[in-house]
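Peer 1: return a 3D structure for these sequence lines:
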Amino acid sequence: MEISLNGQKAFLVKTASGTVICDPANEEEATFVPSSAADDTVVTAVLRSRPANSSFRKSGRIGGSDVISHPGEYEIGDLGLRGIAIPVAGEGKRTVTSFRIDAEGLTTYMLGRPQASPDSRTVQIIGRVDVLLLDAARLEMDVKELSSLIGALDPSLVLANGLNADSNEPSPMLKSLRGEMGGDQTSQEPQTRVSVTRSNLPDDRQLVVLRPRA
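Peer 2: Residues are numbered from 1 along each chain as shown. Model (predicted):
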């Protein structure tokens, strides 16, 4: 499995079973695949946690890819996807959708952009994950809550975006997250891509910051 950024904010998760783009900010991020990955990359699905906030596309497909934004279980080819609802604090029955991606014997979890941590029942539904994708560029959650959620999900690897495109400085959320997790758990050099297998998962939890690639 190879994970990188598609544009500035979206995660690109490329597996032998299929490839997904997670929470693109605009149409370019939903359709563009960097030239370094485009030769053998076919996007299977686009996952969106907040469809109402995505004005670039309202239909069910982008190009040749399915757009998934609602809770439920999906099988697209050999790729296992599960959308899991997280309530939006103070907004009645409104929810955002997080996604569990099962491929290559690994579970990758895209938290999406909730404003509060999921309740204990939802955490049980999510289950333990190997890789957690955090949108530190747009996530609006108390960092203490986020740290507690990370502890509950117990990922081996936390991959985050959140570097400013011009200054390369971390966003406030990313800076807080680095401080919360501690220096020993943080890979200091931002990476353009991370290859993950069951055998190379770190023994101790590690935070890796992803930077956009050309």
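Peer 1: residue ranges with poor pLDDT in the chain?
Peer 2: Applying pLDDT under 70 to the chain flags residues 33-40, 51-64, 89-92, 183-188, 214.
Peer 1: so where do the helices sit in it?
Peer 2: 27-31, 35-38, 120-126, 143-153, 172-181 (DSSP state H).
Peer 1: could you export those helices as CSV, including mean neighbour count and distance to residue 213?
Peer 2: Every residue, glycine included, has its C-beta placed from N, CA and C. CSV is the format used below for the helices of the chain (neighbours: other CB atoms under 10 Å; distance: least, CB to CB, whole Å):
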stretch, mean neighbour count, distance to residue 213
helix 27-31, 18, 13
helix 35-38, 12, 6
helix 120-126, 14, 29
helix 143-153, 16, 25
helix 172-181, 18, 18
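Peer 1: how about those helices in TSV, adding distance to residue 5?
Peer 2: TSV is the format used below for the helices of the chain (distance: least, CB to CB, whole Å):
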stretch	distance to residue 5
helix 27-31	9
helix 35-38	11
helix 120-126	23
helix 143-153	20
helix 172-181	13
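Peer 1: now for these, which one comes closest to residue 48?
Peer 2: helix 27-31 (8.6 Å; CB to CB).
Peer 1: contact partners for residue 9?
Peer 2: 23, 24, 25, 29, 135, 137, 138, 161 (CB atoms under 8 Å, 6 or more residues apart in numbering).
Peer 1: swap that for residue 163, sorry
Peer 2: 169, 170, 171, 174, 190, 209, 211, 212.
Peer 1: return the member of the residues you listed nearest to residue 45.
Peer 2: The closest of the contacts of residue 163, once distances to residue 45 are taken by CB to CB, is residue 212, at 21.2 Å.
Peer 1: wait, that closest one touches residue 10, no?
Peer 2: No: contact criterion CB atoms under 8 Å: residue 212 and residue 10 do not qualify, at 9.8 Å.
Peer 1: between those two, which one's more packed in?
Peer 2: residue 10 (26 against 17; other CB atoms under 10 Å).
Peer 1: how about the more buried one, what does it touch?
Peer 2: Residue 10 neighbours (CB under 8 Å, 6+ apart): 21, 22, 23, 24, 25, 29, 30.
Peer 1: do the same with residue 5
Peer 2: Residue 5 touches 11, 12, 161, 192, 210, 211, 212, 213, counting by CB under 8 Å, 6+ apart.
Peer 1: the closest residue to residue 48 other than its chain neighbours and residue 165, how far apart?
Peer 2: Take residue 48 and drop its neighbours on the chain: the residue closest to it by CB to CB, 6 or more residues apart in numbering is residue 69, 4.2 Å away. As judged by CB to CB, to the nearest Å, residue 69 and residue 165 stand 26 Å apart.
Peer 1: pick out whichever of these two has more residues nearby.
Peer 2: residue 69 (19 against 11).
Peer 1: isn't the more buried one up against residue 96?
Peer 2: No: at 9.3 Å, residue 69 does not count as touching residue 96 under the criterion of CB under 8 Å.
Peer 1: about what we covered before: among the contacts of residue 10, which one has the most neighbours?
Peer 2: residue 23 leads the contacts of residue 10 on contacts (other CB under 10 Å) with 29 neighbours.
Peer 1: what are the neighbouring residues in contact with that one?
Peer 2: 9, 10, 11, 47, 48, 49, 50, 110, 112, 113, 135.
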